[in-house]
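>>> here is a sequence together with a model predicted from it:
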Amino acid sequence: MESGGKQRSDVSYALYHFSTSGAAVAVATAVTHPLDVLKVRLQMQLAGQRGNLVGMGELSAQIIKSEGPRALYLGLGPALTRSVLYGGLRLGLYEPCKYICDYMFGSTNFLVKVASGAFSGAIATSLTNPTEVLKVRLQMNSNARRGPIREMHKIVSKEGIRALWKGVGPAMARAGCLTASQMATYDESKEALLKWTPLEEGFHLHLISSCIAGTVGSLVTAPMDMIKTRLMLQQESRSVRSYRNGFHCAYQVVFTEGFRALYKGDRPKSYVQKLA
C-alpha cells in the first residue's frame, strides 16, 4: 500500500514538474517571440553571399514598416505548442536523469549534469522538431495568410512527411549542448555565487545565474542554431544552395559568407535565452 502511494506521488510530482516547466517556457516564449522572429530573419540575411548585414534595430523597424507589427508574431502558434512540449520534456527529464546518474554512479558532478542535460534536450527536440519547422517557415513567410495546419499540409504534400524533421540532427545537437551548458552552468554558477558572494537563495541569485547560463548557452549553440534554421528553410529559400546535411551547410556558410556568418542572429538569440 505504501509503495502504491509512493508511485502515485512520484507520478504526481512528474506531472507537476512537466506542467509547470512547460507553462513557464510558454510564457517566456510569448514574451520573447518578436526577438525569435528577428533571429530567424537575421540568420537568413544574405544567405549564400557576403555583404553588410542589417542590424537588429534596423531590421525590426523595416519589418514593422513593411509588414506591420503583427509580423513580429508570425509563427506564434507553433512556437507556443513547441514550448509547452519541449520545455516540459527538457526540464522534466533533466532532474530524473541526474537522480538516475546519482543512483548508478554515486555522483552528480559537473560531467553528470552535462550528460543529463544533453540527453533530455536531444530527446525533447527530436519529438518536437515538426513544430520548429512550422515555426521558422511561418516566421519567414511574411506574405502568407495560412495557419500552421495549412502550412503543414503544404510541406507534407510538396516535400513529404520527412520534411517535418528537416534539420533534426543540428537541432538535437543544439538542444543537447544548450540544455547541457545552461543547466550545468546554472547549477555551477549558483553554487559558486552562494559560496563566494554574499548572495543568498532567492530572486537575485536565480536571476544572475540564469543570465550567466543564457550567455554561455548562446555562445555555445549559435552556430548549430543557424545551421538548423538554414536546413529547415531550404525549400522556402531560392537564394541558397542545396545543403546536403549539417556539416555541408556549415562548410558552405563558412566558405561563401565567412566564419562570422555562423553567429548571425546571435544577439537576439542571447536575449531570448536570458529572458526564457
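Sure thing, it's come through.
>>> for residue 53, which residues are in contact?
Residues near residue 53 by Cβ atoms under 8 Å, 6 or more residues apart in numbering: 42, 45-46, 264. Where you see a C-beta, it was placed from the backbone N, CA and C, and this is true even at glycine.
>>> just the buried ones among those, please.
The neighbour count (16 or more other Cβ atoms under 10 Å) marks 42, 45-46, 264 as buried among these.
>>> hmm, which of the residues you listed is lowest in pLDDT?
Sorting those by pLDDT puts residue 46 at the bottom of the list (75).
>>> how about residue 75, phi and psi?
phi 80, psi 20 (degrees, to the nearest 10).
>>> returning to that earlier point: closest to residue 57 out of the buried ones among the contacts of residue 53?
For the buried ones among the contacts of residue 53, the closest approach to residue 57 (Cβ to Cβ) belongs to residue 42, at 11.4 Å.
>>> got a markdown table for the buried ones among the contacts of residue 53, with secondary structure too?
Supplementary listing: the buried ones among the contacts of residue 53 in a markdown table, determined by DSSP: H, G, I helix; E, B strand; the rest coil:
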| residue | secondary structure |
| --- | --- |
| 42 | helix |
| 45 | coil |
| 46 | coil |
| 264 | coil |
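>>> tabulate the contacts of residue 53 (TSV), appending distance to residue 219.
Formatted as TSV, the contacts of residue 53 follow (distance: Cβ to Cβ, whole Å):
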residue	distance to residue 219
42	16
45	20
46	22
264	14
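>>> among those, which pair sits farthest apart?
Going by Cβ to Cβ, the pair spanning the contacts of residue 53 furthest: 42 and 46, at 9.8 Å.
>>> related to what we said a few turns ago, ok, so of the buried ones among the contacts of residue 53, who is nearest residue 149?
For those, the closest approach to residue 149 (Cβ to Cβ) belongs to residue 42, at 27.7 Å.
>>> I'd say that closest one and residue 263 touch.
No. Using Cβ atoms under 8 Å as the test, residue 42 is too far from residue 263 to be in contact (9.9 Å).
>>> how about the helices in the stretch 1-150 of the chain?
Secondary structure of the stretch 1-150 of the chain by DSSP state H, counting those that start in this stretch: the helices cover 2-43, 56-67, 76-82, 88-105, 110-140, 148-159.
>>> contacting residues around the shortest one?
By that I understand helix 76-82. 26, 29-30, 33, 36, 128, 131-132, 134-135, 138, 147-148.
>>> for residue 44, grab phi and psi.
phi -100, psi 0.
>>> how close does it sit to residue 229?
7 Å (Cβ to Cβ, to the nearest Å).
>>> more neighbours: which of the two?
residue 229 (27 against 22; other Cβ atoms under 10 Å).
>>> so what's the closest residue to that one other than its chain neighbours up against?
With Cβ to Cβ, 6 or more residues apart in numbering as the criterion, residue 229 has its nearest non-adjacent residue at 4.6 Å, and that residue is residue 43. Contact analysis of residue 43 by Cβ under 8 Å, 6+ apart lists 225-226, 229-230, 264-265.
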